[in-house]
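Undergrad: what's the 3D shape of this:
(chains A and B)
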Number of protein chains: 2
Amino acid sequence: MSSKLQDQTIAIIGCGFVGLGWAIVFARAGHPVTLYDPDTAVLDCAHARLATSLQEYAAAGLLDEPVAHILGRFTAAPTLQEAVAHAVYVQENSPELLELKQDLFSRLDACAPPTAVLASSSSGLTCTDVCGRLSGRHRCIVVHPANPPHLLPAVELVPAAFTDPAVVERASDLLKRANMVPVAIGEIDGFVMNRLQAALVQEALELVEAGIADADAVDAVVRGSLGLRWSFMGPFETMDLNAPGGFGDYAERYGPGFARLAGAESWPQDAIARVDSAMRAQTPLDALDEKRAWRDRRLAALSLHHRNAEAADRSKENLLRASAKP
Amino acid sequence: MSSKLQDQTIAIIGCGFVGLGWAIVFARAGHPVTLYDPDTAVLDCAHARLATSLQEYAAAGLLDEPVAHILGRFTAAPTLQEAVAHAVYVQENSPELLELKQDLFSRLDACAPPTAVLASSSSGLTCTDVCGRLSGRHRCIVVHPANPPHLLPAVELVPAAFTDPAVVERASDLLKRANMVPVAIGEIDGFVMNRLQAALVQEALELVEAGIADADAVDAVVRGSLGLRWSFMGPFETMDLNAPGGFGDYAERYGPGFARLAGAESWPQDAIARVDSAMRAQTPLDALDEKRAWRDRRLAALSLHHRNAEAADRSKENLLRASAKP
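TA: Okay, the predicted model is just below:
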């Protein structure tokens, strides 16, 4: 296999929002991208929708080359077979229906070159469920993006027990070179991203149900505190900076209180030790003050960014309002 | 009471991280600020620490006037009584110990002008617990900031049943004019911010405990997906855009699955209806596509911001590394 990206074709199977986001991810990195959708009307619109998204993306200053170059990397394929014929990597984006995905992967396994990685954007069904019976199951993996994929870098890599570790590595390398942040995790219902989202939203809805806060209050609290921090530090990194002795110290001081708020007896002990070691491997205790200063600089810069973005939104609204006057 | 900010003194009681953050919030808005801390060593350092924070804040482009002007608004008071003597609003920031706070509020109630608002930064103890026995309890309220207060706009306003609604309104107006985002909520253990944080972190720790993800994986997933979205849209606004028919439609399609992931039977029905109404009051259904385009523009601009901030971090590290060479 050539190591040049222009020789490494990516096949996108299913061209809804997620599929087209993936198409942009791979094409902007330099890959030729073939597109297939069983609905020919969807496939016919794909090029125009990609052009619109790429123009907006370029307008934000995020493209290093003309939109036309990237558009030139897309080819719509009339059949599944032609879409995957020369692919090194296939990204499947079909509805979350078990039998549909099982059938699709069995066709992909039959049509794609034997060395191609077969990846599913599944947000719920696991690789074990979808691909367990295939002869090529060793090359199958879930590669679950956030939505939209071309605007959010995190990607969950979720191999089954039967997935070849070399396949995990190849998928990871390919995604990193495409400026994504692949994160390998174990198989579990909902994976990590949606389980975390589910936990926070369940609590939020219960607060609304109990009349403690209305929807706008919940959104405003998250936007103005947790979300700002979590957009450049994860939840553990955040807590690591909020006690003099780092995460372990934080867990001792505040863990019991936080567990009580979450309706749990305690924070799990092994997890506390593992998170603390991971944090210390990143930042020694005597460098925490410096990292707190970094956090504050990043928060200040982020405040300025959002302030400018909101001012731009307002001036756009005012322009629209002014131009709507008779 | 004069409506000019320069006539409205704010007293900061307790000058740790939170107290000094509040001091910056009120001084940058134009208020004279008196500072008091029972530990004279802490009070002696306060001015120098404020100067450092303000210089960093100015360096980020966030100040509209010279640092010296703002520093000129601070006065260290030798006693609690002198600190609050002319205050229109007192912000208390002492350790989370019930008796200590009760005693402090009883002194504040005795010393502060009868019309002054008495606000506590308490993150756990409620106004009911701390101020229930005071004759001036009607003017007491919890005003809980995120940390650090001068870099995160969200503030939880948590009145007790005995708090005068006019006091909630005065605190809210004062905070808004100081560029904060006050959010009124009902009294509950942990308030909203920490309950939401507790729910997400409990799930994250349980995933680490089960070996599904390590600490770095959890942080990377949150940073690269949920955190980016939640830094300018709340969790409900986010979901409202992710189904064709808005939040109600989202709840029907995905609510049962999300509830299952959170270990709950279902999403609470009244809350679903309330959140859906709140979302429709913000954005009519036929304007959702336009809002999705806005979300994508904001996400693209945010990506560019973080990319530039990370590049700046790296070049700073390289400079330090180069200058450390012999």
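Undergrad: Let me see the ranges of the helices in the stretch 101-250 of chain A.
TA: A:127-131, A:165-177, A:191-209, A:215-221, A:227-230, A:235-240, A:246-261 (DSSP state H, counting those that start in this stretch).
Undergrad: okay if I get these as CSV plus mean neighbour count and mean pLDDT?
TA: Quick note: C-beta positions are derived from backbone N, CA and C, even for glycine. Formatted as CSV, the helices of the stretch 101-250 of chain A follow (neighbours: other C-beta atoms under 10 Å in any protein chain shown; pLDDT from 0 to 100):
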stretch, mean neighbour count, mean pLDDT
helix A:127-131, 22, 98
helix A:165-177, 17, 98
helix A:191-209, 24, 98
helix A:215-221, 25, 98
helix A:227-230, 26, 96
helix A:235-240, 25, 98
helix A:246-261, 19, 97
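Undergrad: Which of these sits closest to chain B?
TA: helix A:215-221 (2.3 Å; C-beta to the nearest C-beta).
Undergrad: same for the closest one, what does it pack against?
TA: helix A:191-209, strand B:154-158, strand B:181-184, helix B:191-209, helix B:235-240, helix B:269-282 (3 or more C-beta pairs under 8 Å, 6 or more residues apart in numbering or on different chains; DSSP states H and E).
Undergrad: Tell me which of the ones you listed lies nearest to residue B:35.
TA: Of all these, strand B:154-158 sits nearest to residue B:35, with 19.6 Å by C-beta to C-beta.
Undergrad: residues making contact with that closest one?
TA: Strand B:154-158 is contacted by residues A:220-225, B:126-127, B:141-146, B:149, B:168, B:171-172, B:175, B:180-187, B:191-193 when judged by C-beta atoms under 8 Å, 6 or more residues apart in numbering or on different chains.
Undergrad: Save the helices and strands packed on helix A:215-221 as TSV, and put in distance to residue A:92 too.
TA: Shown next, in TSV, are the helices and strands packed on helix A:215-221 (distance: least, C-beta to C-beta, whole Å):
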stretch	distance to residue A:92
helix A:191-209	16
strand B:154-158	40
strand B:181-184	42
helix B:191-209	25
helix B:235-240	24
helix B:269-282	32
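Undergrad: For residue A:317, give me the pLDDT.
TA: Residue A:317 carries a pLDDT value of 76.
Undergrad: Who are the packing partners of the helix or strand bottoming out on mean pLDDT in chain A?
TA: Least confident element among the helices and strands of chain A, by mean pLDDT, DSSP states H and E: helix A:288-324 (a mean of 86). If contacts are counted by 3+ C-beta pairs under 8 Å, 6+ apart, helix A:288-324 sits against helix A:227-230, helix B:40-59, helix B:288-324.
Undergrad: Tell me what angle the last one forms with helix B:269-282.
TA: Helix B:288-324 and helix B:269-282 meet at an angle of 90 degrees, taking axes from the mean of the first three to the mean of the last three C-alpha atoms, to 10 degrees as the criterion.
Undergrad: domain assignment for chain A?
TA: For chain A, the structural domains run A:5-184, A:213-324, going by automatic domain parsing.
Undergrad: Report how far apart the opening and closing residues of the first one are.
TA: Pointing back at domain A:5-184 there. One end of domain A:5-184 sits 23 Å from the other (C-alpha to C-alpha, to the nearest Å).
Undergrad: Can you give the distance from it to the centre of its chain?
TA: Between the centre of domain A:5-184 and the centre of its host chain there is 13 Å, according to C-alpha atoms, centre = their mean, to the nearest Å.
Undergrad: Let me see the contact set for residue A:29.
TA: Counting by C-beta under 8 Å, 6+ apart, residue A:29 has contacts A:5, A:177-179.
Undergrad: whoops, I mixed them up, residue A:18
TA: A:93, A:121, A:145, A:147-149.
Undergrad: let's go with 7 Å and repeat that
TA: By C-beta atoms under 7 Å, 6 or more residues apart in numbering or on different chains, the contact set of residue A:18 is A:93, A:121, A:145, A:147, A:149.
Undergrad: filter the residues you listed by proximity to chain B?
TA: residue A:147 (C-beta under 7 Å from any C-beta of the partner chain).
Undergrad: Flag the least confident of the contacts of residue A:18.
TA: residue A:147 (89).
Undergrad: per-residue confidence at the closest residue to that one other than its chain neighbours?
TA: Nearest residue to residue A:147 in three dimensions, chain neighbours excluded: residue A:18, at 6.2 Å (C-beta to C-beta, 6 or more residues apart in numbering or on different chains). pLDDT, residue A:18: 95.
Undergrad: cool, and the one 10 residues further on?
TA: As predicted, residue A:28 sits at a pLDDT of 96.
Undergrad: again, but for residue A:1
TA: Note on residue A:1: pLDDT of 51.
Undergrad: how about the residues of the stretch 1-150 of chain A that lie near chain B?
TA: A:56-57, A:60-62, A:124, A:146-148.
Undergrad: Please identify which pair of these lies farthest apart.
TA: Applying C-beta to C-beta across the residues of the stretch 1-150 of chain A next to chain B, the maximum distance is between A:61 and A:124, 35.0 Å.
Undergrad: Can you tell me which of the helices and strands packed on helix A:288-324 is most buried?
TA: helix A:227-230 (a mean of 26; mean count of other C-beta atoms under 10 Å in any protein chain shown).
Undergrad: Show me which of residue A:61 and residue A:124 is the more surrounded one.
TA: Neighbour count, other C-beta atoms under 10 Å in any protein chain shown: between residue A:61 and residue A:124, residue A:124 has more, with 16 against 13.
Undergrad: Can you name the residues that contact the more buried one?
TA: A:96, A:190, B:257.
Undergrad: Arrange the helices and strands packed on helix A:288-324 in CSV, one row each, with distance to residue A:40 as further columns.
TA: As requested, those are exported to CSV (distance: least, C-beta to C-beta, whole Å):
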stretch, distance to residue A:40
helix A:227-230, 40
helix B:40-59, 56
helix B:288-324, 23
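Undergrad: rewinding a little: okay, the contacts of residue A:124 in CSV with distance to residue B:72 next?
TA: Formatted as CSV, the contacts of residue A:124 follow (distance: C-beta to C-beta, whole Å):
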residue, distance to residue B:72
A:96, 61
A:190, 54
B:257, 57
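Undergrad: Between the residues you listed, which sits nearest residue B:71?
TA: Nearest member of the contacts of residue A:124 to residue B:71, counting by C-beta to C-beta, is residue A:190, at 50.6 Å.
Undergrad: Tell me what the residue in the stretch 51-200 of chain A that chain B sits nearest to is bridged to.
TA: In the stretch 51-200 of chain A, the residue that lies nearest chain B is residue A:154 (2.8 Å; C-beta to the nearest C-beta). Note on residue A:154: beta-bridge partners by DSSP bridges are residue A:181.
Undergrad: what's the pLDDT at the closest residue to residue A:205 other than its chain neighbours?
TA: Distance criterion C-beta to C-beta, 6+ apart; nearest residue to residue A:205, sequence neighbours excluded, is residue B:271 at 4.3 Å. Per-residue confidence at residue B:271 stands at 98 (pLDDT).
Undergrad: State the number of residues packed around residue B:271.
TA: Residue B:271 has 21 nearby residues by other C-beta under 10 Å.
Undergrad: rewinding a little: what subset of the contacts of residue A:29 is buried?
TA: By neighbour count, with 16 or more other C-beta atoms under 10 Å in any protein chain shown, those hold A:5, A:178 as buried.
Undergrad: and the contacts of residue A:29 as TSV, adding distance to residue B:83?
TA: Formatted as TSV, the contacts of residue A:29 follow (distance: C-beta to C-beta, whole Å):
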residue	distance to residue B:83
A:5	64
A:177	58
A:178	57
A:179	52
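Undergrad: Next up, the contacts around residue A:261.
TA: Taking C-beta under 7 Å, 6+ apart as the criterion, residue A:261 is in contact with B:189-190, B:194-195, B:198.
Undergrad: Could you point out which of those residues is nearest to residue B:312?
TA: Out of the contacts of residue A:261, the member with the shortest distance to residue B:312 (by C-beta to C-beta) is residue B:194, at 31.6 Å.
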